[in-house]
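Q: heads up, no residue letters with this:
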């Protein structure tokens, strides 16, 4: 059990947690974004990140610091916190990114972790191999073996109170990602970054990203704080949190600003294409797009970077409130409408509803049916799987509307798309207080029919009558043959026998 990470609230696999960072003497609330700080180029001063943006942790590159003579001497002399002017927690990368980009680096895990400790890093990182997507399985397995050796090397080093990351690799092979997650969770290391996902995000392969993260999460235990390396665009944060990621880092706020790109929760816009700002952050409230375009390069880049951070942290706060309210998947649903690739990612997420259900709270607020994808949510799957726990009488009427008068049936249960049948005494219990459309769509009716089938198959001695008036033909086909299907209107007109 990792006593430095505590889960406080959850929804789906998403959670609000507290990560204790003992060397910094700080607790970081997750989900959290760690802005990437290039030690050679400070677009926004770290002290401002702390005072104006409430940043609790950031990440910088110890490999760049180590190989840059002036930075190395300053970091060793002053310590990382004083050098950057930041009092919060500081995580350091190892050079693995440079290894992925340029093919080689001149440092070992032992050397870089000891250096990270010497300069005062609070969370260090070993030298792993970030295996890109779509490589051969042979290469992915070979690289993973090197990464697992790096974790063993990291375990052997005394770094005092510094937390150490255990990166999870495996390219686009789900079984290797799961194996890597299980291996990392079995170490005594502290933070678990899922690596080499930036190429997937850069190419809008969000469905592949979901598969990689879901596989890694199957290997990791629930008490593992999960870091998604290189992720920080506000558009994808809700999806990643719903998968169970807790920490993010990104230089996108600064890199995109350098290219005059403006981040939103539904994508990225170029400054030249904007006549109005769709945002009320301090930057957008005080400037028009035309005014920022007129700025010189440096102040224009800084203003855009500040907006990019504001919109990102606003989205994180929105995500946390959604977790607290039990509406995270509804937020993911809304974000999925912003880009076709995000929609692919959302549908891929729901392919893992059974995995999400294991961590999803049993009771929340109100379930909102907002799209056909709502029929595939973990709450629906849970109800279907637990229908065999309910006792049924000898004859049972199932109906979408109110029960008819009289005593022709031993009991009448409500059928609520997408959940299906449930006893009326549960009508005030979650999720049967759901807000659903008056005219259910095909997906909701198909899911309700699956619920009917599950109940019927679990109770072979009960006589079932399904009283419906307007169900799709495909939904009717899913109802077992031994169920009598009648019109509710006809039953109501006929009255009790």
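A: Alright, I've got the coordinates. What you see is a predicted model; the values in this text were computed from it and never measured.
Q: mind listing what's buried in the helix ranked longest in the chain?
A: Identified as the longest helix of the chain according to DSSP state H is helix 297-325. Residues of helix 297-325 classed as buried: 300-313, 315-316, 318-320, 322-324 (neighbour count, 16 or more other CB atoms under 10 Å). To be clear about C-beta, it is placed using only N, CA and C from the backbone, and glycine gets the same treatment.
Q: now do stretch 465-484
A: Neighbour counts over stretch 465-484 (16+ other CB under 10 Å) mark 465, 466, 467, 468, 471, 472, 475, 478, 479, 483 as buried.
Q: for the stretch 301-450 of the chain, which segments count as strands?
A: 395-399, 411-416, 420-422 (DSSP state E, counting those that start in this stretch).
Q: what about residue 92, is that helix, strand or coil?
A: At residue 92 the chain is in strand, as set by DSSP: H, G, I helix; E, B strand; the rest coil.
Q: give me the neighbour count for residue 264.
A: 18 (other CB atoms under 10 Å).
Q: residue 69 too?
A: Residue 69, neighbours per other CB under 10 Å, totals 8.
Q: look up phi and psi at it.
A: For residue 69, the backbone dihedrals are phi -50, psi -50 (criterion: degrees, to the nearest 10).
Q: if I look at it, how far off is residue 76?
A: The gap separating residue 69 from residue 76 is 11 Å, by CB to CB, to the nearest Å.
Q: which of the buried residues of stretch 465-484 fall within strands?
A: 465, 466, 467 (DSSP state E).
Q: tabulate these in JSON lines, adding columns for pLDDT and distance to residue 272.
A: Shown next, in JSON lines, are those (pLDDT from 0 to 100; distance: CB to CB, whole Å):
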{"residue": "465", "pLDDT": "92", "distance to residue 272": "64"}
{"residue": "466", "pLDDT": "92", "distance to residue 272": "59"}
{"residue": "467", "pLDDT": "90", "distance to residue 272": "60"}
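Q: all the helices of the stretch 101-250 of the chain, residue numbers only.
A: Assigned by DSSP state H, counting those that start in this stretch, the helices in the stretch 101-250 of the chain fall at 109-118, 137-155, 174-185, 198-202, 206-219, 234-243.
Q: most tightly packed of the ones you listed?
A: Highest mean neighbour count among the helices of the stretch 101-250 of the chain (mean count of other CB atoms under 10 Å): helix 234-243, with a mean of 27.
Q: mind giving me the packing neighbours of that helix?
A: Under the contact criterion of 3 or more CB pairs under 8 Å, 6 or more residues apart in numbering; DSSP states H and E, helix 234-243 touches strand 14-21, helix 206-219, strand 261-264, helix 297-325, helix 328-336, helix 340-350.
Q: next, the angle helix 206-219 makes with the fifth one.
A: Taking axes from the mean of the first three to the mean of the last three CA atoms, to 10 degrees, one finds helix 328-336 and helix 206-219 inclined to each other by 160 degrees.
Q: and what of the fourth one?
A: When the same axes, to 10 degrees is applied, the directions of helix 297-325 and helix 206-219 differ by 50 degrees.
Q: how far is helix 297-325 from where the chain is centred?
A: Its chain's average C-alpha position is 17 Å from that of helix 297-325, according to CA atoms, centre = their mean, to the nearest Å.
Q: list the buried ones in stretch 434-444?
A: Residues 434, 436, 440, 441, 443, 444 are the ones in stretch 434-444 that count as buried (16+ other CB under 10 Å).
Q: and what of stretch 21-28?
A: Buried residues in stretch 21-28, counted by 16+ other CB under 10 Å: 21, 23, 24, 26, 27, 28.
Q: and of the residues you listed, the nearest to residue 209?
A: residue 28 (23.5 Å; CB to CB).
Q: just checking, that closest one is part of a strand?
A: Yes. Secondary structure of residue 28 (three-state DSSP): part of a strand.
Q: was I right about it contacting residue 91?
A: No. At 9.8 Å, residue 28 does not count as touching residue 91 under the criterion of CB atoms under 8 Å.
Q: who touches both of those two?
A: The contact sets of residue 28 and residue 91 overlap at residue 57 (CB atoms under 8 Å, 6 or more residues apart in numbering).
Q: where does the protein have low pLDDT?
A: Across the chain, the ranges flagged by pLDDT under 70 are 1, 97-103, 402-406, 493-497.
Q: for the buried residues of stretch 434-444, which one is nearest residue 345?
A: Residue 345 lies nearest to residue 443 out of the buried residues of stretch 434-444, by CB to CB, at 18.4 Å.
Q: still on that earlier bit, adding distance to residue 15, write the helices of the stretch 101-250 of the chain out as TSV.
A: Listed next are these as TSV, based on distance: least, CB to CB, whole Å:
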stretch	distance to residue 15
helix 109-118	27
helix 137-155	24
helix 174-185	16
helix 198-202	22
helix 206-219	12
helix 234-243	8
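Q: out of those helices, which comes closest to residue 420?
A: Each of these has some distance to residue 420 by CB to CB; the shortest is helix 234-243, at 24.0 Å.
Q: which of the buried residues of stretch 434-444 fall in helices?
A: Counting by DSSP H, the buried residues of stretch 434-444 place 443, 444 in helices.
Q: redo the buried residues of stretch 434-444 as a markdown table? Include distance to residue 363.
A: Listed next are the buried residues of stretch 434-444 as a markdown table, based on distance: CB to CB, whole Å:
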| residue | distance to residue 363 |
| --- | --- |
| 434 | 13 |
| 436 | 18 |
| 440 | 23 |
| 441 | 26 |
| 443 | 24 |
| 444 | 21 |
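Q: quick one: which of the buried residues of stretch 434-444 is nearest residue 51?
A: residue 434 (43.5 Å).
Q: please name the nearest non-neighbouring residue to that closest one.
A: Leaving aside its sequence neighbours, residue 434 sits nearest to residue 367 (CB to CB, 6 or more residues apart in numbering; 3.9 Å).
Q: any idea how far the one you found lies from residue 379?
A: Separation of residue 367 from residue 379 (CB to CB) stands at 6 Å.
Q: overlap in contacts of those two?
A: residue 431.
Q: quick revisit: and of the strands of the stretch 301-450 of the chain, who's closest to residue 140?
A: Closest among those, using CB to CB: strand 420-422, at 41.7 Å.
Q: note down every partner strand of that closest one and its orientation.
A: strand 411-416 (antiparallel) (DSSP bridges).
Q: break this structure into its domains for me.
A: Following automatic domain parsing, the chain resolves into domains at 5-356, 372-494.
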